[in-house]
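Asks: This is the structure alone, sequence omitted:
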């Protein structure tokens, strides 16, 4: 028999936004729910807020009055922690402080029954550390929901060193009954989503610091070419610059100063200035009344070339040839099996980025070179980044601009930077995700699911890397490492191993977590 029966009592400690949301989820799933907060009146206000949301759902026809009444009967604002005694599951959603969480669980151990599961909604703290002072640490686990909990599908179920497998199985089963899409993992700083997402922000800050592109253009490229729902700076403003910076700093420290997670000096300055995003009216964007919405850097219209030779690239080359032909431009298709994609114009070679500079590739080939960035789907992309080699000057880029514009896309010209914007970001995200698989933190499938459901990525990063081609991802990482000479850009051992094995997938033959 599982320790979390379908109609057993669930207690939530902490009646803030997350605690109230989790309480709503559990009550809607049929559990009697006790909601407690040490702040006077906070639990009562949270219950009233939940009922207000349910009333609006009834008004909109998404919920019947009878169902609303049944949920309301299951929600109780507890007046003391002692009322959690009959619970089969307690989920804490208090402040993100290790000492406070330890103290709470130590108190709960003296209240609840021996079979009660103690779960933390921590987003970054080690569940092993939280459970370490408990008499029975084997029943302690992380159950990390995402905000808003009633809407977001993902729950990260993270086991600590002492967590019994049966406890993880019971929590996973409960989350599934609650309509969630949970993933299991071994505890690690930041769990899956916060850990794997760090390069999405970190590489954006690095590009900004180097002057590769401005904030608005970086955001636009990751949205309109990468397919992400929001750019990194827009998302940080929504989350809160202070919150995002604190998570990065915490993961960096917990990972013993790993340079992959190094905080940005620009972000530290913004936090110090109180520019925290939407909640303060100003962050990387101005949210004040009447503030003009800034526009990304967009190249002016340029004439398209009369003819393009599409060389190599296998299926990708065929897709580009079709795209160019549909734009009314004459195309010569040269298959060149095994060779990389090249769009050859009269006086310039237009190549996909592989992590090397356009300047380096022009020096090797003796011809002017323009690089184009990765797009999630080149046919659907609304914008594409281009960068030209230093040797030829900026004017050489005009025919390439005209070509991309003729294919129906806006062009942002960025500085010649290794990996450009989207490719660099995606490669680094996938590289970090591969390390979690290598270290048996989580399976490739769990990581991809978590990043789709918890971060709204357009694709799981490992599946995306497989679609791009693991050798190409490895080449980008290795070229970044060679250019910068920094451990930040070291390749995942699993990524290199899969490429050496000639494998197209991270899953086949790879180490898999529980």
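Replies: Received the coordinates, thanks. None of these values were measured; they are calculated from a predicted model.
Asks: Name the spans of this protein whose pLDDT lies under the cut-off.
Replies: Applying pLDDT under 70 to the chain picks out residues 1-2, 393-394, 508-514.
Asks: which helices and strands sit right next to the helix or strand encompassing residue 359?
Replies: Of the helices and strands defined by DSSP states H and E, residue 359 is found in helix 358-365. In terms of contacts (3 or more Cβ pairs under 8 Å, 6 or more residues apart in numbering; DSSP states H and E), helix 358-365 is packed against strand 349-352, strand 369-372. Quick note: C-beta positions are derived from backbone N, CA and C, even for glycine.
Asks: just those strands: most buried one?
Replies: Stretch with highest mean neighbour count among those: strand 369-372 (a mean of 28; mean count of other Cβ atoms under 10 Å).
Asks: Now do it: distance to the chain's middle.
Replies: Relative to the mean C-alpha coordinate of its chain, strand 369-372 is positioned 28 Å out (Cα atoms, centre = their mean, to the nearest Å).
Asks: for stretch 475-494, same thing?
Replies: Centroid separation between stretch 475-494 and its chain, computed with Cα atoms, centre = their mean, is 21 Å.
Asks: do the same with stretch 160-170
Replies: With Cα atoms, centre = their mean, you get 26 Å for stretch 160-170.
Asks: One more: stretch 324-341?
Replies: With Cα atoms, centre = their mean as the basis, stretch 324-341 stands 34 Å off its chain's centre.
Asks: Buried ones in that stretch, by neighbour count?
Replies: Residues 324, 327, 329, 331, 333, 340-341 are the ones in stretch 324-341 that count as buried (16 or more other Cβ atoms under 10 Å).
Asks: do stretch 25-36 as well
Replies: Under the neighbour-count criterion of 16+ other Cβ under 10 Å, stretch 25-36 has 25-36 buried.
Asks: Farthest pair within the residues you listed?
Replies: Farthest apart among those by Cβ to Cβ are 30 and 36. That separation is 20.1 Å.
Asks: returning to that earlier point: the helices and strands packed on helix 358-365 into CSV, with extra columns for distance to residue 86?
Replies: Listed next are these as CSV, based on distance: least, Cβ to Cβ, whole Å:
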stretch, distance to residue 86
strand 349-352, 61
strand 369-372, 62
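Asks: Looking at the ones you listed, which is nearest to residue 417?
Replies: Nearest to residue 417, of all the helices and strands packed on helix 358-365, is strand 369-372, at 9.4 Å by Cβ to Cβ.
Asks: The helix or strand following that closest one pairs with which strands?
Replies: For strand 369-372, the following helix or strand on the C-terminal side (DSSP H and E) is strand 383-388. The strands that strand 383-388 pairs with in its sheet are strand 369-372 (antiparallel), strand 410-413 (parallel) (by DSSP bridges).
Asks: Tell me which other helices or strands the very next helix or strand once past strand 383-388 touches.
Replies: The helix or strand immediately downstream of strand 383-388 is helix 398-406, counting by DSSP H and E. Contacts defined by 3+ Cβ pairs under 8 Å, 6+ apart place helix 398-406 against strand 369-372, strand 383-388, strand 410-413.
Asks: residues in contact with the first one?
Replies: The contact list for strand 369-372, computed with Cβ atoms under 8 Å, 6 or more residues apart in numbering, reads 348-353, 358-359, 361-362, 384-389, 392, 396-397, 400, 404, 416, 420.
Asks: The longest one now?
Replies: Outside of strand 383-388, the residues within contact range by Cβ under 8 Å, 6+ apart are 213, 220-221, 224-225, 296, 298-299, 353, 358, 368-373, 375, 378, 394, 396-397, 400-401, 404, 409-417, 420-422.
Asks: thinking again about what came up before, pick the one among the buried residues of stretch 25-36 closest to residue 84.
Replies: Distances from residue 84 to the buried residues of stretch 25-36, taken by Cβ to Cβ, are shortest for residue 34, at 5.8 Å.
Asks: which SSE is that closest one in?
Replies: strand 33-36.
Asks: And the helix or strand just after that strand, what's buried?
Replies: Scanning forward in sequence from strand 33-36 by DSSP H and E, the next helix or strand is helix 42-59. Residues 42-43, 46-47, 50, 54, 57 are the ones in helix 42-59 that count as buried (16+ other Cβ under 10 Å).
Asks: now residue 183, what's its secondary structure?
Replies: strand (DSSP: H, G, I helix; E, B strand; the rest coil).
Asks: What sits closest to residue 379 if chain neighbours are left out?
Replies: Distances taken as Cβ to Cβ, 6 or more residues apart in numbering place residue 323 nearest to residue 379, at 6.2 Å, with adjacent residues excluded.
Asks: Can you name every helix or strand that the host helix or strand of the one you found contacts?
Replies: Element membership of residue 323 [criterion: DSSP H and E] is helix 314-326. Packed against helix 314-326 by the contact rule (3+ Cβ pairs under 8 Å, 6+ apart) you find strand 307-311, strand 330-334.
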